[in-house]
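Student: sharing a model that was predicted from the sequence below.
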Amino acid sequence: MKKEFILKTALVISGILLYLNTTNMKNPISIPGNIEQNFFVLAVGIDKGIEDDKEIRLTVLAEDFSGNTGKGSSNQAKIADVVTVEASTVFEAIRKISAINNKSVFFGHIKYLLVSEDIAKEKMLDVIDYFTRDNEVRINTTIANVKGISAESFLRSGEKTEKFIPDLLDGEFHDINKLSISEEKDVLNFMVESNNLFSGAYIPSLEIITKEKDEIGSSSQQASTSQDKSSSQQASTSQGESSSQQETKKSYYVELNGFAIFDEGKLIGHLSGFTARGLNWVNAKIESGIIIVKDSTEQKISMEIINSASKVKINLNGDIPEATINIQFSTSIGEVMSRNDIFNESEFEKINEEQKNIVKKEAESAIEYAQKNGVDILNINDEIYHQYPLKWENMKDKWKETFKTMKITVKVESRINRTFHIREPIRSKSGEEKWYIFLYLF
């Protein structure tokens with residue numbers, strides 16, 4: 001009994017120590033002074049300096065609680081408190097912000113680290129060093145690239161998007177798997193990828209999309225808005241209409257679409273749309289999404305991705321590696337925009353073949369981009385290392401050139417698992433006037 005008690009006590013103590021150690025790594029709680037004396041950062045943006053492009057421009061965003069009066073404040077819109085400074089280093093910039101605000105900048109609650117294209121092209125790894133070194137910053141902070149505008153402008157866009165930016169990003173990343181054209185990446189994983197001398201690295205890409213209001217209205221409203229816009233522009237020229245009035249004619253929203261691709265720690269380009277999804281097919285990062293196919297009459301059918309998997313097989317042709325990427329997935333029929341009965345063997349074969357071809361094309365487009373740019377974002381090098389470790393030693397010094405020209409084949413297998421409730425389209429040509437309740441079709 002005594003030995004059993006000692007053993008149980010040791011296990012409990014070990015568990016507590018492990019928990020405290022893990023918690024301290026991810027979110028160390030060490031708040032200096034009173035809460036009122038701290039600036040609780042939720043998002044950080046990094047750009048090149050404006051006054052001196054050799055400097056960095058750091059923008060930090062926190063929630064401004066000064067307008068909350070207590071009772072009923074939970075229903076009030078969140079207000080962002082945004083501060084921007086320029087300095088030689090990130091650490092120096094943070095101290096400047098503390099001096100401006102008369103508050104200590106606290107990173108224990110940070111959610112997002114955003115970097116602009118200009119800084120990512122030159123010194124990405126340099127500027128994020130602080131966020132992997134400082135004990136306050138959580139290493140699972142989401143990192144993303146801001147495309148098209150500065151990170152500062154993105155963080156200050158809350159007034160245009162009419163939403164609190166951290167909450168808006170929460171929603172974007174929460175729904176990231178519905179289309180599977182991007183992937184959430186934290187600072188730690190990006191650093192691990194960047195430390196691999198033979199692989200490329202990638203992070204999600206964000207941008208602010210601007211639409212004229214007539215793009216989201218009816219055709220008559222579009223014509224009216226277009227005329228109003230022309231008139232207002234003339235009035236603006238003659239009467240000096242303010243820019244704020246013109247801004248009301250636009251709609252802004254954030255789009256999470258694809259990846260920013262890095263080679264040797266520097267941004268080299270972007271993948272978007274179905275090419276970005278192709279990268280996820282290859283790297284087994286697809287959870288859901290929609291594939292649009294057509295039936296024999298060229299009418300659209302929406303196929304929902306249910307599950308997927310991929311595996312890379314390496315073969316050596318002498319000393320030259322060749323890769324075969326095997327992708328497997330299953331779908332369900334989510335929508336039929338046709339009056340034809342597609343629930344027969346010939347139609348199912350056509351639909352299945354078409355969805356396989358679409359996935360194959362998406363994967364091949366990502367592979368083409370990777371090989372053209374000589375950046376192994378497919379982790380082929382890691383597969384060779386594990387499958388042929390001795391051979392890898394002889395080819396690693398010339399891996400970039402080898403990767404550009406090696407043969408990579410994509411093979412796809414798929415199946416249609418479910419049709420949900422309706423077996424035939426409404427008023428299908430089969431002549432039936434009723435809906436069939438058909439839960440599963442195997």
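Tutor: Thanks, I have it.
Student: which parts of the helix or strand hosting Ile325 are buried?
Tutor: Counting by DSSP states H and E, the element that carries Ile325 is strand 320-336. Residues of strand 320-336 classed as buried by neighbour count (16 or more other Cβ atoms under 10 Å): Pro321, Ala323, Ile325, Ile327, Gln328, Phe329, Ser330, Thr331, Ser332, Ile333, Val336. The C-beta positions use only the backbone N, C-alpha and C, and glycine is treated the same way.
Student: now the residues you listed in TSV, with pLDDT?
Tutor: Below are the buried residues of strand 320-336 laid out as TSV (pLDDT from 0 to 100):
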residue	pLDDT
Pro321	96
Ala323	97
Ile325	98
Ile327	98
Gln328	98
Phe329	97
Ser330	96
Thr331	96
Ser332	93
Ile333	92
Val336	90
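Student: re the thing from before, the helix or strand just after the strand holding Ile325 - contacts with which helices or strands?
Tutor: Note on strand 320-336: by DSSP H and E, the next helix or strand toward the C-terminus is helix 345-373. Under the contact criterion of 3 or more Cβ pairs under 8 Å, 6 or more residues apart in numbering; DSSP states H and E, helix 345-373 touches strand 250-263, strand 266-271, helix 273-282, strand 290-294, strand 300-317, strand 320-336, helix 399-405, strand 407-418.
Student: among these, show me which one is buried the most.
Tutor: Mean neighbour count (mean count of other Cβ atoms under 10 Å) peaks for helix 273-282 among these, with a mean of 24.
Student: any idea how this structure splits into domains?
Tutor: 36-65+77-230+246-271, 276-418 (automatic domain parsing).
Student: average pLDDT across the first one?
Tutor: Put plainly, it is domain 36-65+77-230+246-271. Averaged across domain 36-65+77-230+246-271, pLDDT comes to 87.
Student: returning to that earlier point: any idea which of the helices and strands packed on helix 345-373 gets closest to Gln387?
Tutor: strand 300-317 (4.7 Å; Cβ to Cβ).
Student: just checking: what are the partner strands of that closest one?
Tutor: Here strand 300-317 has these sheet partners by DSSP bridges: strand 290-294 (antiparallel), strand 320-336 (antiparallel).
Student: nearest residue to Phe198 other than its sequence neighbours?
Tutor: Asn381 (4.1 Å; Cβ to Cβ, 6 or more residues apart in numbering).
Student: same question, Phe91
Tutor: Leaving aside its sequence neighbours, Phe91 sits nearest to Tyr130 (Cβ to Cβ, 6+ apart; 5.7 Å).
Student: go on, Asp64?
Tutor: Looking at Asp64 with Cβ to Cβ, 6+ apart, the closest residue is Asp81, at 3.8 Å.
Student: can you pull the contacts of Val312?
Tutor: By Cβ atoms under 8 Å, 6 or more residues apart in numbering, the contact list for Val312 reads Ala323, Thr324, Ile325, Asn326, Leu378, Asn379, Ile380, Glu383.
Student: pretty sure the residue nearest to Phe91 contacts Ala93?
Tutor: No: counting by Cβ atoms under 8 Å, Tyr130 stays clear of Ala93, with 9.3 Å between them.
Student: which one's more surrounded, the two?
Tutor: Ala93 (27 against 18; other Cβ atoms under 10 Å).
Student: output stretch 49-56 as CSV - backbone C-alpha positions only.
Tutor: Listed next in CSV are the C-alpha coordinates belonging to stretch 49-56 (Å, rounded to 0.1, in the frame of the first residue of the first chain):
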residue,chain,number,x,y,z
GLY,A,49,9.2,51.9,-42.2
ILE,A,50,7.8,54.9,-44.1
GLU,A,51,10.2,57.5,-43.0
ASP,A,52,13.1,55.1,-43.4
ASP,A,53,12.5,51.8,-45.2
LYS,A,54,15.4,50.2,-43.3
GLU,A,55,13.3,50.6,-40.1
ILE,A,56,10.3,48.5,-39.2
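Student: residues touching that stretch, excluding its own?
Tutor: Ile46, Asp47, Lys48, Arg57, Glu86, Ala87, Ser88, Thr89, Val90, Ala93, Ile119, Val127.
Student: quick one: distance of stretch 405-413 to the chain centre.
Tutor: Stretch 405-413 sits 25 Å away from the centroid of its parent chain (Cα atoms, centre = their mean, to the nearest Å).
Student: and Val85, what does it touch?
Tutor: Counting by Cβ under 8 Å, 6+ apart, Val85 touches Arg57, Leu58, Ala93, Lys96, Ile97, Ile100.
Student: let's see it at 10 Å
Tutor: Applying Cβ atoms under 10 Å, 6 or more residues apart in numbering, we find Val85 in contact with 49, 55-60, 92-100.
Student: now the residue nearest to Ile367 when sequence neighbours are not counted: how far from Asn135?
Tutor: Closest residue to Ile367 apart from its sequence neighbours, by Cβ to Cβ, 6+ apart: Ile408 at 5.3 Å. Counting by Cβ to Cβ, to the nearest Å, the gap from Ile408 to Asn135 is 42 Å.
Student: before we move on, what about Val41?
Tutor: 15 Å.
Student: now do Lys103
Tutor: 19 Å.
Student: comparing these two, which residue is more hemmed in?
Tutor: Higher neighbour count among Lys103 and Asn135: Lys103, with 17 against 10, using other Cβ under 10 Å.
Student: can you verify Asn189 is assigned to a strand?
Tutor: No: read with DSSP: H, G, I helix; E, B strand; the rest coil, Asn189 is helix and lies in no strand.
Student: surely Trp352 touches Val293?
Tutor: One thing to correct before we go on: residue 352 is Asn, not Trp. Yes: applying Cβ atoms under 10 Å, one finds Asn352 in contact with Val293, separated by 8.8 Å.
Student: now for these two: what residues contact both?
Tutor: Taking Cβ under 10 Å, 6+ apart as the criterion, Asn352 and Val293 both touch Met303, Thr331.
Student: surely the residue nearest to Phe91 forms part of a helix?
Tutor: Yes: using three-state DSSP, the assignment for Tyr130 is a helix.
Student: quick one: contacts for it?
Tutor: Shown in contact with Tyr130 (Cβ under 10 Å, 6+ apart): Val44, Ile46, Leu58, Thr89, Val90, Phe91, Ala93, Ile94, Phe107, Val137.
Student: measure it to Ala120 for me?
Tutor: Distance from Tyr130 to Ala120, by Cβ to Cβ: 16 Å.
Student: and if you look at Glu368?
Tutor: 23 Å.
Student: with adjacent residues omitted, what lies nearest to Tyr252?
Tutor: Nearest one to Tyr252, counting by Cβ to Cβ, 6+ apart, is Lys160 at 4.2 Å.
Student: for the one you found, what is the enclosing helix or strand?
Tutor: Lys160 belongs to helix 158-161, assigned by DSSP H and E.
Student: can you give the contact residues for that helix?
Tutor: 61, 77-80, 82, 153-154, 164-168, 208-210, 247, 250-254.
Student: select only the buried ones of the residues you listed in PyMOL?
Tutor: Of the contacts of helix 158-161, the buried ones go into a single PyMOL selection, burial set by 16+ other Cβ under 10 Å:
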select buried, resi 61+80+82+153+154+164+165+166+168+208+252+253+254
